[in-house]
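Build me a structure from this.
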Amino acid sequence: MSITFTVGRKDLRQTDWTVSEHAALPQDHVRMRIDLFSLTSNNITYAAFGDAMNYWSFFPTADASRGCIPVWGFGTVIESRCAAVAEGERFYGYFPIADEVDLMPARANDDGFLDGAPHRRELHAVYNHYLRCAADSLYDRNREAEQALLRPLFTTSFLIDDFLADNSFFGARTVLLSSASSKTAYGTAFCLARRRGMEGAPRVIGLTSAANIDFTRGLGCYDAVYTYEDLKSLPADVPTVYVDMSGSVGIRASVHEHFGSHLSYSCSVGGTHWDELGSGKGLAGPRPVLFFAPAQIAKRRQDWGPDGVNRRLSEAWHAFVNAATAPARPWLRVVHGMGRHAVESTYTALLDGRVPAQEGHVLSLRTTPR
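Predicted coordinates for the structure are as follows:
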């Protein structure tokens, strides 16, 4: 028996579990036990943009009205009918919220493989790649939880920073990030802060709720942090890039109205305020542009080569993890959960915005520990 968590594609609060009998594993496939995965506001963004960005397409359900939210985590091969992948191997990658998944390895090499299932062939390779832990330079067995929580978010953060720098920050002197307490936002701020003292480096300003302002200021990677209510106290005539992690139509409209023609670029990234999403029509200033991380990484693989991308990302990643897990003042507190109730309660808390900024939830549907 296998279990999978699904949600209503049009109503994210409609949750259910699908229980299915094991079928015989097809030739050239592997069956992977999903050992652990992170569940964060990033996954709520996947659901909020599920149709627009094809996130529902990775793990399709039998009911077209329901979707399976992708998550990042670790799995172990428990059955293999593929000569290139051995039973017992451990992989990092993109999974459904489930206890097991069947994959069809393609283009396998020492680093890992792509899922070659027909329904995934038109989807971006970044999400289809499964990395062998034994060959992964970023892997640390003792930090699997932190990697599941932070690695996919930090990769996006790294690429946002690189995208802005690659475009000379669109001439802006300030980068403004909403949902500044979110992991993707403060990962971006961390990367931007590493540019301090360089020519053209912008100030990094965070917008957050009153409840999260002390935590966000304490991170040290923002030059200043304001509550949403204090937005209008920011100078409106400073050329500014807005990096929208919230997705809130109201916050976006306030930012565009405040800066007007001085808003150099509006970068839409996340949907932490998933119930406040809306279009970018009729806004003052530039039209919001959706940031697609795979496009930037594809560009940099052409510019730098795969080894160049991996080297830069690895160096930034290790610096970030060291900062986020510093014993004196860690930015992250890992919360482990097991079973259906843990998944349901964490998911609902994320929808309601009740997960404290410092918490990171790592979950498993296995009935026994690894």
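
Quick one: mean pLDDT over stretch 31-41.
For stretch 31-41, mean pLDDT rounds to 96.

buried ones in that stretch?
By neighbour count with 16 or more other CB atoms under 10 Å, stretch 31-41 contains the buried residues 31-41. In short, each C-beta sits where N, CA and C put it, glycine included.

next one: stretch 315-325
316-317, 320-321, 323-324.

residues in contact with that stretch?
For stretch 315-325, contacts defined as CB atoms under 8 Å, 6 or more residues apart in numbering pick out 138, 143, 146, 150-151, 154, 157-158, 187, 190-191, 194, 221, 330-332.

same check, this time on stretch 101-111
For stretch 101-111, contacts defined as CB under 8 Å, 6+ apart pick out 25-26, 28-32, 34, 59, 75, 82, 84-85, 95, 113-117, 130-132, 135-136.

try stretch 255-265
167, 169-172, 176, 178, 231-232, 234, 236-242, 244, 266, 283-286, 289.

so what are the domain limits for the protein?
Following automatic domain parsing, one gets these domains for the chain: 2-136+332-364, 151-294.

Point out the most buried one among those.
For those, the largest average neighbour count (mean count of other CB atoms under 10 Å) is found in domain 151-294, namely a mean of 20.

That domain: end-to-end distance?
End-to-end distance for domain 151-294, by CA to CA, to the nearest Å: 15 Å.

mean confidence score for that domain?
Taken as a whole, domain 151-294 has a mean pLDDT of 91.

Quick one: distance of that domain to the chain centre.
Put simply, domain 151-294 sits 16 Å off its chain's centre (CA atoms, centre = their mean, to the nearest Å).

The residue nearest to residue 355 when sequence neighbours are not counted is in what secondary structure piece?
Of all residues not flanking residue 355 in the chain, residue 349 sits nearest, at 5.0 Å (CB to CB, 6 or more residues apart in numbering). Per DSSP states H and E: residue 349 is located in helix 340-352.

Not counting the helix or strand following that helix itself, show me its contacts.
Moving toward the C-terminus from helix 340-352, the next helix or strand (DSSP H and E) is strand 359-364. Defining contact as CB under 8 Å, 6+ apart, one finds that strand 359-364 is touched by 34-40, 73, 145-146, 148-150, 183, 332-338, 342-343, 346, 355.

Using PDB, write out every CA atom in strand 359-364.
This file holds the C-alpha atoms of strand 359-364, laid out as PDB (Å, rounded to 0.1, in the frame of the first residue of the first chain):
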ATOM      1  CA  GLU A 359      10.900  27.000  12.300                       C
ATOM      2  CA  GLY A 360      11.600  24.600   9.500                       C
ATOM      3  CA  HIS A 361       9.400  21.500   9.300                       C
ATOM      4  CA  VAL A 362      10.900  18.200   8.000                       C
ATOM      5  CA  LEU A 363       8.400  15.400   7.700                       C
ATOM      6  CA  SER A 364       8.100  11.800   6.800                       C
END
